[in-house]
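> no sequence on hand, only this structure:
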């Protein structure tokens, strides 16, 4: 005699089918639309950094160093952000972020649109007056947003122009070894107790993030001592 109809068996088959479709869709999303987010999350986890997606930044943004907004003439919209998850460790105090500026500078400097600033920020043991190395060949840089009341005379090198609030500190930075450690497509700002590396001309991916993090380690060790 043939077995009778079983509603339990039918529900089991339907549940298995729905679960299979759900797993398939999740895997497809991870390998396509979420591929970059997953790669960045894994990169952050390996370095004990906390990853904040653009969606999370809109809902519940973390506290960012004050220097971030001080660098810009207007408010900016934070996008992807990495912050240090622990007080100790090699990456303590590190903040890496991608920001979207809203307006051009008061001087009328034009920037290509859309533009995103890629910045790495690390704390310093010394407090510097605003001093910067701007890529000489760069069409635009975060350095162009600096609010300097007194500019030092530009001290040109082969790859950078040194500017700052103090001619003495600008000269000190330009004469030191830092300019040979900083890649020509990156800018650098010393702003109070923070080092800011501008790598907006580079991709915002795990490979470049690792490189810029290593560059910042070298820069911290190459900074001259203030008199």
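Yep, it's here. Small disclaimer: the values here were computed from a predicted structure and weren't measured. Numbering: from 1, shown residues only.
> got a list of what residue 95 touches?
64-65, 68, 81-84, 120-122 (C-beta atoms under 8 Å, 6 or more residues apart in numbering). Bear in mind the C-beta positions are built from the backbone N, C-alpha and C, glycine included.
> so the closest residue to residue 169 other than its chain neighbours, which state does it fall into?
Distances taken as C-beta to C-beta, 6 or more residues apart in numbering put residue 131 closest to residue 169, at 4.7 Å, once the chain neighbours are dropped. When classified by DSSP: H, G, I helix; E, B strand; the rest coil, residue 131 comes out as strand.
> thinking again about what came up before, out of the contacts of residue 95, which sit inside strands?
81-84, 120-122 (DSSP state E).
> quick revisit: and the residue nearest to residue 169, how close does it get to residue 45?
Distance, residue 131 to residue 45, by C-beta to C-beta, to the nearest Å: 34 Å.
> ok, those two, which is more surrounded?
residue 131 (25 against 12; other C-beta atoms under 10 Å).
> wait, doesn't the more buried one sit right on residue 164?
Yes. Contact criterion C-beta atoms under 8 Å: residue 131 and residue 164 qualify, at 3.6 Å.
> shared neighbours of these two, anything?
170, 173.
> which residues in this structure form strands?
49-52, 76-84, 95-101, 117-135, 155-156, 160-164, 187-198.
> check what pLDDT residue 181 gets.
At residue 181, the model reports a pLDDT of 91.
> and the one 10 residues further on, by the same measure?
Turning to residue 191, the model gives it a pLDDT of 89.
> quick check: the spatially closest residue to it that is not a sequence neighbour vs residue 12, distance?
Leaving aside its sequence neighbours, residue 191 sits nearest to residue 67 (C-beta to C-beta, 6+ apart; 4.8 Å). Residue 67 is 59 Å from residue 12, where distance means C-beta to C-beta.
> can you tell me the number of residues neighbouring the nearest residue to residue 188 once chain neighbours are set aside?
Spatial nearest neighbour of residue 188, excluding adjacent residues (C-beta to C-beta, 6+ apart): residue 133 at 4.6 Å. Residue 133 has 28 neighbouring residues, counting by other C-beta under 10 Å.
> wouldn't residue 133 be in contact with residue 181 here?
No. Residue 133 is beyond contact range of residue 181, at 10.4 Å (criterion: C-beta under 8 Å).
> mutual contacts of those two, please.
By C-beta under 8 Å, 6+ apart, no residue touches both residue 133 and residue 181.
> where does the protein dip in pLDDT?
1-6, 10, 24-34, 54, 56-63, 69-79, 85-89, 101-115, 147-157 (pLDDT under 70).
> redo that, cut-off 80
Low-confidence segments of the chain (pLDDT under 80): 1-14, 17-37, 53-82, 84-91, 99-116, 138-140, 144-158.
> any idea what the residue lying closest to residue 49 once chain neighbours are set aside is bridged to?
Leaving out its chain neighbours, the residue that sits closest to residue 49 by C-beta to C-beta, 6+ apart is residue 82, at 4.5 Å. Counting by DSSP bridges, residue 82 is bridged to residue 51, residue 96.
> so residue 82 is in contact with residue 91, correct?
No. At 9.0 Å, residue 82 does not count as touching residue 91 under the criterion of C-beta under 8 Å.
> re earlier: out of the ones in strands among the contacts of residue 95, which comes closest to residue 199?
residue 120 (6.8 Å; C-beta to C-beta).
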